Structure formats: structure tokens, C-alpha cells
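1. coords please:
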Amino acid sequence: MILSASRRTDIPAFYAEWFVNRLHAGYSLTRNPMNHAQVSRITLSPDVIDCIVFWTKDPTNMLPRLSAIDEAGYPYCFQFTLTPYGKDLERHLRPKDDILQTFIALSRRIGRDKVLWRYDPIILNDTVSIRDHETWFAQMCEALHPYTNNVTISFVDLYAKVRTPLIRGISRAEEQHLSGAFSAIARKHGLAISACCEQTDLTPHGIARASCIDRTTIERICGYPILAPQDKNQREGCGCLSGIDIGAYNTCQNGCVYCYANHSESSVAANCRKHNPNSELLLGTLSDADAVTIRKMESFKDPQITL
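-> Residues are numbered from 1 along each chain as shown. Predicted structure coming up:
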């Protein structure tokens, strides 16, 4: 089984202690985001977890806990989002130069093949231009190419709850221009470039379709073939393998104005007050109204073959 930690929130940044506590306990409880009273018990044994995929904008708090994860025998990788935006778009992040140094430290610690850079979403507005992105992307490729093998891009999706004067729609012509420029810059620095869930075919620019939980990547990290199916619960165009997510919506404290996973800063603040790093759940505790189901868990390892 592939464990996602997490598309719903930044576990490495804010809940690293809780996460490692759950690995030590061997299980976690996770609420169904569509039905609060439905709770799944997720086995976290290395015998069934083939790979952990961390999603983060700042894994500083996870770095001192990597040894515990290594000693327990869990393979893992990081989807590391690092963009050039300021506090207007990403309100609570540390200075980007500092986070860039964390990216480098993480790569040196676990290897460049396990740190997957995401430059997304791409945003345009009155103060962020195409030329800005070309300059920023080139500078970041220059800084990061010794520490990762690839970069994933995507153009911002204008969900109803993220509509703001700080974000505008991006035209087809702008997408094509940026795709061509980014592809050339990435290629110059030896980085493979792919696009996540884009309806427009960018392969003529040399940009492949991304699978964030990618079979080839996971198999390389695990050291054996993976028999996982594609994830049917993701949006159209997603090529990710199936996995289990143990995060919770409305808990990420990065404060990004384009975030799809939070309703409001007030809801995040209220939920964070419910967090206990020693709890079975990311938020709060079980109640009498909760129905706990033991989730069937098994490794996706092909027992017939070893890479």
C-alpha cells in the first residue's frame, strides 16, 4: 500500500511529531472527509506500507525525525513544492531562500531521486508576469538542479473558493508560451519536466504528463515491482497510483490563497486547537457516534520479482 501524507494538509511542516508517533504505534485513525462519523483504522506496518509519499512546502520539522522513519524500514519520498511567491500569495511560509536551503539539506540527506520538485501552481496577476516566471524558474533550476532530477508544473485552477484579485485566469497562449520557455530552461539544467492534471497537451513542448505517485518512481524507491492500480478517486487526468491518505482538510497552516484544501483561516485555526500529537486521529478524539472500520491493507509488492 502507498501512504499519502498528505494531499489534504502539510504533515511534514505541522504534524511531524504526530506522524512519527503513529508509525511507532503501528496504526492511525482517519475520518472520511465526506462523512465525519466514518473512521478508518489504517495499519502502518512496514510489512504493508510499500512507500510513504510526503507532500510539503517546508519539511524542516520532519528532518530530525527521518532517522526514526529509516530505522523502522519505511521507503519514502517527498513531493516538495517550492515556488517564488511572496507573502501576498503564500502568507505564512518562511523566507524562500531559507526553504531552498531546506530543500538542499533534505536532498543531501536522502538523495536527489527522492526529492521531487513541484513548481506549482503557476499564477499570473497584476504583479506577477510571464517574464517574472521565466526569470524565477531559471534561477530556481540553477539552484536546485544538483539536488533533484525533475520538476512538475501546473497552472492554477480557479476553484470558486479561491477566486481573488490576486489570481487571474491564464490564457491558452500564455500556457503555451510558458510551457515552451519552462521546457527549454529545465532541459538546459538536465531536469525532466512534467505537468500535473493539465487538460492541454503539453507534450509538443517536451513536457510529459505527470503522475505524482508514479509507478516507476515508487518501484525504484521500493526496490520491487508494484501491482497497484490507478487511483480512481483523483481528478480527471491524474495518473497516480492508488493509495491511502491520512491527512485532514482545513488543517494546513501555510496560508496559501490558492489552496483547495482549506475553507478559511478561521476553520484551520479552530481545527488546529483540536490537534494532539499523541492522539490516534490528526484532529480530536473518537466519540460514541463514530463508527470505526478496519481498513483492509496489503502490500502491492509483486512476490514473483525483485528489481
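
2. any idea where the helices of the stretch 201-307 of the chain begin and end?
-> 215-222, 265-272 (DSSP state H, counting those that start in this stretch).

3. Can you lay out the ones you listed as JSON lines showing distance to residue 98?
-> C-betas here are computed from N, CA, C, even on glycine. Output for the helices of the stretch 201-307 of the chain, formatted as JSON lines (distance: least, Cβ to Cβ, whole Å):
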{"stretch": "helix 215-222", "distance to residue 98": "27"}
{"stretch": "helix 265-272", "distance to residue 98": "22"}
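
4. name the helices or strands packed onto the lowest-mean-pLDDT helix or strand in the chain?
-> Ranked by mean pLDDT, DSSP states H and E, the weakest helix or strand in the chain is strand 208-209, scoring a mean of 85. Packing partners of strand 208-209 (3 or more Cβ pairs under 8 Å, 6 or more residues apart in numbering; DSSP states H and E): strand 192-195.

5. before we move on, what SS does the spatially most central residue of the chain have?
-> Centroid check for the chain by Cα atoms, centre = their mean gives residue 55 as the closest residue, at 2.6 Å. Secondary structure state of residue 55, per DSSP: H, G, I helix; E, B strand; the rest coil, is strand.

6. OK, contacts around it?
-> By Cβ atoms under 8 Å, 6 or more residues apart in numbering, residue 55 lies in contact with 4, 5, 6, 7, 10, 11, 78, 79, 81.

7. Can you name the residues in contact with stretch 199-207?
-> 153, 172, 175-176, 179-180, 182-183, 187, 193-195, 209, 237.

8. what's the lowest-pLDDT member of these?
-> For the contacts of stretch 199-207, the weakest pLDDT value sits at residue 237, with 60.

9. CA atoms only: put stretch 174-187 into CSV for me.
-> In CSV, the C-alpha atoms belonging to stretch 174-187 read as follows (Å, rounded to 0.1, in the frame of the first residue of the first chain):
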residue,chain,number,x,y,z
GLU,A,174,0.1,32.2,-22.1
GLU,A,175,0.2,28.5,-21.2
GLN,A,176,1.9,27.6,-24.5
HIS,A,177,4.4,30.4,-24.1
LEU,A,178,5.3,29.5,-20.5
SER,A,179,5.4,25.8,-21.3
GLY,A,180,7.9,26.3,-24.1
ALA,A,181,10.1,28.5,-22.0
PHE,A,182,10.0,26.3,-19.0
SER,A,183,10.8,23.2,-21.0
ALA,A,184,13.8,24.8,-22.6
ILE,A,185,15.1,26.1,-19.2
ALA,A,186,14.5,22.7,-17.5
ARG,A,187,16.3,20.9,-20.3
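
10. Count residues in the vicinity of the closest residue to residue 59 other than its chain neighbours, would you?
-> Nearest-residue entry for residue 59: residue 12, 3.9 Å, with adjacent residues in sequence omitted and distances by Cβ to Cβ, 6 or more residues apart in numbering. The number of residues packed around residue 12, counting by other Cβ atoms under 10 Å, is 25.

11. Helix or strand: which one has residue 12?
-> helix 11-14 (DSSP states H and E).

12. Can you name the next helix or strand after that helix?
-> Downstream of helix 11-14 (by DSSP H and E), the next one is helix 16-25.

13. who's in contact with the residue of the chain most remote from its centre?
-> Largest separation from the mean C-alpha position in the chain: residue 288, at 33.0 Å (Cα atoms, centre = their mean). If a contact means Cβ under 8 Å, 6+ apart, then residue 288 has no contacts.

14. For it, give its distance to residue 37.
-> 10 Å (Cβ to Cβ, to the nearest Å).

15. For the lengthiest helix in the chain, enumerate the helices and strands it packs against.
-> Of all the segments of type helix in the chain, defined by DSSP state H, the longest one is helix 172-188. Applying 3+ Cβ pairs under 8 Å, 6+ apart, we find helix 172-188 packed against helix 130-144, strand 150-155, strand 192-195.
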